[in-house]
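[1] okay, here's the prediction I keep looking at, along with the sequence it came from:
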Amino acid sequence: MNNEIILDTKLIGDIKGNFFVPSYQRGYRWGKSEVTRLLEDLCSTDGKRNYCLQPIVVRANGDKYELIDGQQRLTTIYLIYRYMNEVSFGFIDEPRFTLSYKTREKSEKFLKTIDESCKDDNIDFWHICSAYQSIKEWFDKKDKKSTITNINKYFDEIVKVIWYEVSESEDAINLFTRLNIGKIPLTSAELVKAMFLSRSKETNLGKKKQEEISLQWDYIEKELHNDHLWYFLTNKTKIKYQTRIDLILDLISAKPIDNREKYYTFFKFDEMSKIDSLDSIWENIQQTFLILKDWYENHELYHKIGYLIASETLTLGEIFDISKNKTKNKFREVIDEKIKNSIKINENYSELSYEKETDRNRISTLLLLFNIESVRQNGEETQWFPFDKYKYSKDEKVLWSLEHIHAQHSEGMKTQETWKTWLTLHLPSIQVVKKESNELIDKIKSAIKKEKLERTEFEAIQKDIINILSVEGNIEYLHSISNLAILNCGDNAALNNSTFDVKRNAIIEMDKGGKYIPFCTKMVFLKYYTPSSDNQLHFWGHSDRVAYIKAINEILYYKSHYLDEPIYLEGEEN
């Protein structure tokens, strides 16, 4: 971006001059839906809020403007003015601008007359007449007099366009191709950047300062492309940022997370520029970035803020607002309170059950915090929870879910393929645990090879396998927190429904293959928490559950104080 751009916002009523549409563009093509949507949007303001159209991109060419982008919008506005002038018998002025066409000389005259008898003379006339008819029909359904008065007033007082004027040396065809054929529109970030580099703003920003801002802007954008930083700040969700510095700009503009107005942020910055100097606005952008970078580089804040964002307890915007006008200590106190409240429940944690959907969310949040806090408290600040790996993977979907450490059910297993996969997964474990059980091993191998495996046969073999690979009494604790962990098995129903030993083997293979496994999930399946004296390598039993709950309490109750009281194993007395 160069500093030959003139960037401004203009009220519709202030648009003046002669615009010509160059030969590389097609003619006017808006239909009834686009015309009606524009009128409805104008009316929806009810005169109480500013409304901004998308950019009008032009290049000065002698005493005219070459219209690079915005032909459809500007032509429709022209037609609305023509209609209001006609119906008001001249009380409302005609358009204050003209439109001409490099290769369609007759269209300029036709716009001024809208002679419907010539509608079928060419395709451009037809579309112009159709749009004009749509405008008539729309006004006919309203209180015509008051609506015309209001629309004209809105044009003069609240409806603006982004005026984006490039220098005469700009390659207009390449810019048009980018904006229209390439479908890469001007972004809010690009327009805010243009504010600082534009020659239209009456500021004291010299060329040297503009070059400095341009370099610093690119530096911030580059820093935000560090995925470790980016996924600490964001979740892979609804908002799609075309440039990552948009995140900083949205924070400063306090853009609501559900606001879909494309240029909301730019218009907020445009309003700021009417009050503050561009120097102070730029200082605010830099300061906001440095605050986020400071959180990222602070081991404690990185994990605590990262948890609040990852668990969707708070948005980055909400955390940013909390941080304003607070000392670091006070900020930490509020953050700790927010974390504590995020896992606070009214009942005993041992009563939470995987079978209840609301409980699943609570358990997932608690286990996520357990994972993040375990990493934070481990290794004297040498380890950092990898939010980028937790939230994003380039080669596969990230489908973290609450999984049973040891499963004894068959959810989602409805096909022969999943039954045979389940048997194949469990065969190695049976061969190790029950080497002498040749009869069962033969049954499993035979069932896997069968062309058609009946459900009853599979379920009978499955029952025998589960009995061998389960510890007696395990079933009553199947859906409790002591038998749950965060795991990414994707949509593999057979693995989701597998016993502990099978999942353990699968996780070891994932780990060997370099796949990310949450810290505590890995510790569970490697029996890190279970004392060696109680360790039964192939099984998940009472002693394992006790050790697992003890580890959660150690991290979240005794060290962090996020739990109001420790978690008790199912059936234990307080």
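    It's in.
[2] dump the residue contacts of Asn85.
    By C-beta atoms under 8 Å, 6 or more residues apart in numbering, the contact set of Asn85 is 92-95. All C-beta atoms are positioned from the backbone trio N, CA, C, and that covers glycine.
[3] neighbour-wise, give me the winner out of these.
    The residue in the contacts of Asn85 with the most neighbours, by other C-beta atoms under 10 Å, is Pro95 (21 neighbours).
[4] list the beta-bridge partners for the residue nearest to Thr521 when sequence neighbours are not counted.
    Counting by C-beta to C-beta, 6 or more residues apart in numbering, the nearest residue to Thr521 once its immediate chain neighbours are dropped is Ala485, at 4.6 Å. Applying DSSP bridges to Ala485 gives these bridge partners: Glu403.
[5] got the confidence number for Ala485?
    At Ala485, the model reports a pLDDT of 94.
[6] ok, it touching Ala407?
    No: in terms of C-beta atoms under 8 Å, Ala485 does not count as a neighbour of Ala407; the distance is 11.4 Å.
[7] who has more neighbours out of the two?
    Neighbours around Ala485 and Ala407, counted as other C-beta under 10 Å, are more numerous at Ala485. The numbers are 24 against 21.
[8] who's in contact with that one?
    Counting by C-beta under 8 Å, 6+ apart, Ala485 makes contact with 367, 402-403, 405, 518, 520-521, 524-525.
[9] rerun at 10 Å
    With contacts defined as C-beta atoms under 10 Å, 6 or more residues apart in numbering, the neighbours of Ala485 are 363, 367, 370-371, 402-405, 503, 507, 517-518, 520-525, 548.
[10] gap between it and Gln287?
    Separation of Ala485 from Gln287 (C-beta to C-beta, to the nearest Å): 41 Å.
[11] what touches both of Ala485 and Ala407?
    Listed as contacting both Ala485 and Ala407 by C-beta under 10 Å, 6+ apart are Lys503.
[12] how about Leu99, phi and psi?
    Backbone torsions of Leu99, given as degrees, to the nearest 10, read phi -130, psi 130.
[13] next one: Asp8
    According to degrees, to the nearest 10, Asp8 has phi -160, psi 170.
[14] not counting sequence-adjacent ones, nearest residue to it?
    Trp163 (4.5 Å).
[15] does that neighbour really touch Ala60, like I thought?
    No: using C-beta atoms under 10 Å, Trp163 is not in contact with Ala60, being 11.9 Å away.
[16] so for these two, which residue has more residues nearby?
    Higher neighbour count among Trp163 and Ala60: Trp163, with 19 against 15, using other C-beta under 10 Å.
[17] okay, that one: pLDDT?
    pLDDT for Trp163: 91.
[18] so where's the stretch 1-150 of the chain shaky on pLDDT?
    Scanning the stretch 1-150 of the chain for pLDDT under 70 picks out 1-3.
[19] kindly recompute the last result at 80.
    Confidence mapping of the stretch 1-150 of the chain against pLDDT under 80 gives the ranges 1-4, 45-50, 103, 105.
[20] surely Met523 is in a helix?
    Yes: judged by DSSP: H, G, I helix; E, B strand; the rest coil, Met523 forms part of a helix.
[21] please name the nearest non-neighbouring residue to it.
    Distances taken as C-beta to C-beta, 6+ apart place Tyr529 nearest to Met523, at 6.1 Å, with adjacent residues excluded.
[22] quick one: neighbours of that neighbour, just the number.
    19.
[23] residue contacts, it?
    So Tyr529 contacts 520, 523, 543-552, 554 (C-beta under 10 Å, 6+ apart).
[24] strands along the stretch 451-574 of the chain, start to end?
    For the stretch 451-574 of the chain, the strands defined by DSSP state E, counting those that start in this stretch occupy 484-487.
[25] got it, and the chain?
    With DSSP state E as the criterion, the chain has strands at 6-11, 17-21, 51-52, 56-61, 64-69, 97-101, 159-166, 401-404, 484-487.
[26] now the third one, how far from the chain's geometric center?
    On the basis of C-alpha atoms, centre = their mean, to the nearest Å, strand 51-52 sits 24 Å off its chain's mean C-alpha point.
[27] sheet partners, orientation included, of that strand?
    Strand 51-52 has these partner strands in its sheet, going by DSSP bridges: strand 159-166 (parallel).
[28] report the angle between the partner strand and strand 6-11.
    Counting by axes from the mean of the first three to the mean of the last three C-alpha atoms, to 10 degrees, strand 159-166 lies at 160 degrees to strand 6-11.
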